[in-house]
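1. Let's see this in three dimensions:
(chains A and B)
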Amino acid sequence: MNHPVRTSEEGLRADRVSLGIGGRILLDGVTLVPRPGETIGLLGPNGSGKSTLLRLLAGVLGPSAGVVTLDGSPLNRVGRRAVARRVATVQQHAHTQTELTVRDVVALGRIPHRRSWSPMTPDDLAAVTRALERTGLTDRADQSWHTLSGGERQRAQIARALAQEPGELLLDEPTNHLDIQYQLDLLELVTGLPVTAVIALHDLNLAAMYCDRLVVLKDGGAVAEGTPSQVLTPALIEDVYGVPVEVTPGSDHPVVRFLRRGSAPPGRTGPDRPPRAPDLPAGAAQERPG
Amino acid sequence: MRGARPALLITSGLLLLALSVSVAVTIGPADITPDQVWRSVAARFGLGESPLSQLREGIVWNLRMPRTLLAAVCGAGLALCGAVMQSLLRNPLADPFVLGVSSGASTGAVAVIVLGWGAGVVSLSAGAFVGALLSFAMVMLLSHSLGGSMDRVVLSGVAAMQLFSALTSFTVLTSADAETTRGVLFWLLGSLSGAGWTDVLLCAAVLALVLAVCLANTTTLDAFAFGEEAAANLGVQVGRARVLLLSVTALLTAVLVSSAGAIGFVGLVLPHAARALTGSSHARLLPVTVLAGAVFLVWVDTVARTALDPQEIPVGVVTSLIGVPAFVAVLYRVRSKT
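-> Presented below is the predicted three-dimensional model:
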């Protein structure tokens, strides 16, 4: 094995990981080295490999080439339970038909720390209480999961992830289908947590607002990496998403504005294409709340 | 606080079960009181003398007692299998029948009865067991080749159920005389009438083993609430857990079906009733499900053997009569949740 020289092996990192399933390459030699405590945004269109990368980082999929390590040890040698005590994941969709209270859902996060048949210890209960407080769900703890709104469900899943007491938190498009207020609340919450977070995001402006660094994936490969100002350039966005944009450098983060195809500067779109309305919320959230 | 309730539920469940068994044993054409039963039991352990005549001792100890205990063990086991399968498959309608395990066991047992391979309880159990495993292996292979997701498992189970039911009917129609057919039919509908102590001990031993495995995996079962990937993210080795838990429940189903025939709906309905009492945590749910299943089948079998006295109703017919409305109720609850 010839790994590149590293300053530290601490934390979770992906080293040139690839994954192909059934002859289709989902991920192609991607390296991701989050620094402790930072928030990394994964960008890229649907099918670019964001979810696959998160699954590899969580260890629920194994790479066909390359390696994911936790504190220097390959994930498959760390053991599933030990990984789950360090790395927590919030999936894009959380569905259950089981009748659970919010507290039950959050308590699921203690499973990697517990032995079967033994009841929750005071430590477990304290971790659940802290997670509920941190996510502002204390009042709703005894409410049924099925009565929660979409935003509250995501918050409950984040509380569950926090109950795992992770060092690394992986989130797969956690703001999908949420009202804008909940999107902002949720990202505000996540970036305020004392964890290293890797978040797959759809919305470029939210990524610019909340992430310390961005990694852009296209067709399974990483095409750009850096701070939001370094990464979010009109040329890159056009190349990756195929849409014309205007980027305004803001005071602390760049602002991306999508342009109507018809009003795009000449040469950027094909002449035969009919003008159409942008399907992404252009500059939907330009200001931080509060 | 929910912490106090499970202990209370389990204690009262055990008391209710003991009471149910001792009362159920007294019900029947020969008049015997619970008090006499208790003293007869005490006499077996060397305390005092049995108040019963030799004939009545025989009725209690060779007919009613094994039958009632087998009802308790079958009810407990089927309910346990249902609870585990529902959680693992994330399907509130799953039970040993959905996975085709019961049908496979029936085919195996019928083959033994009709084709006359071997004789007695052991070969019947062996036939049912081989049938259950074949059907289980078929469901697993088929669902694996279809992608392995849980809805594929359920669909494969339905396919297996149809196939093995057809095989059973074919075997019966081509090979059996009228007398055997009647016996097989009665057994296929589920019946505890032939219960002996060998059945009771075999089923109880397997139930104890499988219950121990399931109780050792209660948090694993909890982890499946949001699906397999969520379980994996909580540190569960999903493939291993699934194979282990589905295998032991298939084993238990096979042994129960070989002794009592295919008794339907117990595994489907009882876990839902238990969940309403305990919530979703399997450490609380499984013990209560087991006790509820046991008490339930003891009383259903008592009704089945006495309601139309001297004619006996197959116990599976009674569980279905109770189970179908409950099944519809479950469907309505599921619908309101999605």
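2. only C-alpha atoms for contact and neighbour calcs from this point on.
-> OK.
3. and the residue in chain A that chain B sits nearest to, how many residues sit next to it?
-> Residue nearest to chain B within chain A: A:Arg81 (3.9 Å; Cα to the nearest Cα). Residues near A:Arg81, counting by other Cα atoms under 10 Å in any protein chain shown, number 19.
4. Same question for B:Leu47.
-> 11.
5. Would you confirm that it belongs to a strand?
-> No: counting by DSSP: H, G, I helix; E, B strand; the rest coil, B:Leu47 falls outside a strand, being coil.
6. picking that back up, is it true that the residue of chain A closest to chain B touches A:Arg110?
-> No: taking contacts as Cα atoms under 8 Å, A:Arg81 lies outside contact range of A:Arg110: 10.8 Å.
7. gap between the residue of chain A closest to chain B and B:Asn233?
-> In this view, A:Arg81 and B:Asn233 are 9 Å apart by Cα to Cα, to the nearest Å.
8. Same question for B:Gly131.
-> Relative to B:Asn233, and taking Cα to Cα, B:Gly131 is found at 36 Å.
9. residue boundaries of the strands in chain A?
-> A:12-21, A:24-32, A:39-43, A:65-70, A:73-74, A:87-90, A:168-172, A:196-200, A:213-218, A:221-226, A:245-248, A:255-258 (DSSP state E).
10. Redo the ones you listed as TSV? Include mean neighbour count and mean pLDDT.
-> Shown next, in TSV, are the strands of chain A (neighbours: other Cα atoms under 10 Å in any protein chain shown; pLDDT from 0 to 100):
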stretch	mean neighbour count	mean pLDDT
strand A:12-21	20	93
strand A:24-32	19	93
strand A:39-43	27	96
strand A:65-70	21	94
strand A:73-74	16	94
strand A:87-90	28	96
strand A:168-172	25	96
strand A:196-200	26	96
strand A:213-218	24	96
strand A:221-226	18	94
strand A:245-248	17	92
strand A:255-258	23	91
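11. List just the one of the ones you listed that sits closest to B:Gln86.
-> strand A:87-90 (23.9 Å; Cα to Cα).
12. Work out which residue lies at the spatial centre of the chain.
-> Assuming you mean chain A. Central residue of chain A (Cα atoms, centre = their mean): A:Ile199, 1.7 Å from the mean position.
13. wrong one, I was asking about chain B
-> Centre-nearest of chain B using Cα atoms, centre = their mean is B:Leu78, 2.3 Å out.
14. In a strand, that residue, correct?
-> No: counting by three-state DSSP, B:Leu78 is not part of a strand but helix.
15. Which helix or which strand is home to the residue nearest to it when sequence neighbours are not counted?
-> Nearest non-adjacent residue to B:Leu78, counting by Cα to Cα, 6 or more residues apart in numbering or on different chains: B:Gly267, 4.7 Å away. B:Gly267 is part of helix B:266-278, with elements assigned from DSSP states H and E.
16. can you pull the buried residues of that helix?
-> Neighbour-count burial for helix B:266-278 flags B:Val266, B:Gly267, B:Leu268, B:Val269, B:Leu270, B:Pro271, B:His272, B:Ala273, B:Ala274, B:Arg275, B:Leu277, B:Thr278 (criterion: 16 or more other Cα atoms under 10 Å in any protein chain shown).
17. what's the following helix or strand after it?
-> helix B:282-306.
18. on that earlier part again, verify the stated contact: the residue nearest to B:Leu78 with B:Leu80.
-> Yes: judged on Cα under 8 Å, B:Gly267 makes contact with B:Leu80 at a distance of 6.9 Å.
19. so who does B:Val255 touch?
-> By Cα atoms under 8 Å, 6 or more residues apart in numbering or on different chains, the contact list for B:Val255 reads B:Ser125, B:Ala128, B:Phe129, B:Leu202, B:Cys203, B:Val206.
20. Name the nearest residue to whatever residue of the stretch 151-300 of chain B ends up closest to chain A, ignoring sequence neighbours.
-> Relative to chain A, the nearest point of the stretch 151-300 of chain B is B:Gly235 (3.9 Å; Cα to the nearest Cα). Leaving aside its sequence neighbours, B:Gly235 sits nearest to A:Arg81 (Cα to Cα, 6+ apart; 3.9 Å).
21. quick one: low-confidence ranges for the chain?
-> Picked chain A for this. Counting by pLDDT under 70, chain A contains low-confidence ranges at A:1-9, A:117, A:262-290.
22. wait, I meant chain B there
-> B:1-5, B:117-122, B:148-150, B:186, B:334-338.
23. Give me the neighbour count for B:Gly77.
-> 31.
24. can you check the one 5 residues further on too?
-> Using other Cα under 10 Å, B:Gly82 has 29 other residues around it.
25. Could I get the contacting residues of B:Leu297?
-> Contacts of B:Leu297 by Cα under 8 Å, 6+ apart are B:Ala71, B:Ala72, B:Cys74, B:Gly75, B:Val266.
26. ok, residues contacting stretch A:90-105?
-> Outside stretch A:90-105, the residues touching it (Cα under 8 Å, 6+ apart) are A:128, A:132, A:140-146, A:153-154, A:156-158, A:160-161, A:169-174, A:176, B:90, B:92, B:225-227, B:230, B:279-280, B:334, B:337-338.
27. ChimeraX command for the buried members of those residues?
-> Only the buried entries of the contacts of stretch A:90-105 go into this ChimeraX selection, using 16+ other Cα under 10 Å:
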select /A:128,132,140,141,145,146,153,154,156,157,158,160,161,169,170,171,172,173,174,176 /B:90,92,225,226,227,230,279,280
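28. just checking, B:Ala260 touches B:Gly190?
-> Yes: between B:Ala260 and B:Gly190 there is a contact at 5.7 Å, judged by Cα under 8 Å.
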